[in-house]
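J.: Here's my sequence, what's the structure:
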Amino acid sequence: MLAAREDLADKISDIALRKGTLYDYLNETLEEAIRADSIGLSLKEAIDERGIVKVARDSGFTFVPERLWFDICEKAYERLGIRKMKSLWYETGQWYGTYYGDLDKLKDAMNKLIWDLSEFEVASKDGNLLVRCISPKFSESYSVLFSRFLEGALNALGYEFVDGDILKGVLNLRFKESKGG
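T.: Here you go, the predicted structure:
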C-alpha cells in the first residue's frame with residue numbers, strides 16, 4: 001500500500017518492477033531524501049544540481065578551480081595575443097550556440113554553468129537583443145574574451161553584434177537578428 005496520487009503510485013510501481021521490488025525501491029528513495037536533507041538540500045534540489053553537472057559534462061565543460069582558470073586565461077591572453085584569444089573564444093561561443101540551439105537553452109546554461117556571474121540577463125527591446133552580464137571576478141581581458149564567447153554563441157543563433165560596453169566585470173551588449181537568420 002502506498003499513500004500517494006494514483007498516477008505517481010503507478011509510475012513508482014513501474015520503475016520498481018524494472019529495478020527490483022517496490023519495497024526496496026521506496027526504501028532507497030526515502031533514504032536518499034533523508035541524505036539530501038542531511039546536507040541541506042531537498043531531493044528536488046539534489047537532482048537539479050546533478051542535472052547541472054550532467055549538462056556541463058555533456059556540453060564539454062570541465063571543472064577547474066576559478067583562481068587557476070582566471071590565471072591561465074590571463075597568461076594565454078598575454079602570450080597568444082588578443083587577436084588569437086578573441087578568435088578562440090568566438091569560435092567556442094559559436095560551437096555552444098549551435099550545441100544549445102536556441103536562446104532560452106543558452107540563457108539557462110549560462111545561468112547554471114557560469115557560476116561566477118552575479119547577473120546574466122537577456123532581454124528584447126526595440127527590435128534588439130540586450131545582454132547584460134556582471135561578474136566582479138572578471139578581469140578586463142576576461143570580460144573582453146567572455147563578450148566574444150557570447151558574440152559567437154548568439155551569432156550561431158542568428159544574431160549579429162551591433163555594439164556594446166565592455167568594462168572590467170561588466171558587459172552590456174546589443175545584438176540584432178541577422179538578415180539571413
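
J.: Show me which positions of the longest helix seen in the chain end up buried.
T.: In the chain, ranked by residue count with DSSP state H as the criterion, the top helix is helix 82-100. Neighbour counts over helix 82-100 (16 or more other Cβ atoms under 10 Å) mark Met85, Lys86, Leu88, Trp89, Tyr90, Thr92, Gly93, Gln94, Trp95, Tyr96, Gly97, Tyr100 as buried. Quick note: C-beta positions are derived from backbone N, CA and C, even for glycine.

J.: next SSE after it?
T.: Counting by DSSP states H and E, the element after helix 82-100 in chain order, helix or strand, is helix 103-113.

J.: Measure how that following helix sits relative to helix 82-100, angle-wise.
T.: Orientation of helix 103-113 against helix 82-100 (axes from the mean of the first three to the mean of the last three Cα atoms, to 10 degrees) gives an angle of 110 degrees.

J.: May I have the following helix or strand past helix 103-113 exported as CSV, CA atoms only?
T.: Downstream of helix 103-113, the first helix or strand assigned by DSSP H and E is strand 119-125. The C-alpha coordinates for strand 119-125 follow below in CSV (Å, rounded to 0.1, in the frame of the first residue of the first chain):
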residue,chain,number,x,y,z
GLU,A,119,23.9,38.7,-13.1
PHE,A,120,23.2,37.4,-16.6
GLU,A,121,20.2,38.9,-18.4
VAL,A,122,18.9,38.7,-22.0
ALA,A,123,16.0,40.9,-23.0
SER,A,124,14.4,42.1,-26.2
LYS,A,125,13.9,45.8,-26.6
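
J.: Go through strand 119-125 and flag the buried ones.
T.: Phe120, Val122.

J.: List the strands paired with that strand, with their directions.
T.: Strand pairing for strand 119-125, determined by DSSP bridges: strand 128-134 (antiparallel).

J.: Can you give the contact residues for the partner strand?
T.: Residues from elsewhere that reach strand 128-134 (Cβ atoms under 8 Å, 6 or more residues apart in numbering): 103, 117-124, 146-147, 150, 154, 159, 162, 164, 169-177.

J.: Do you have the helices of this protein handy? List them.
T.: Here the chain has its helices, by DSSP H, at 6-19, 22-38, 43-58, 66-80, 82-100, 103-113, 140-156.

J.: Appreciated, that's everything.
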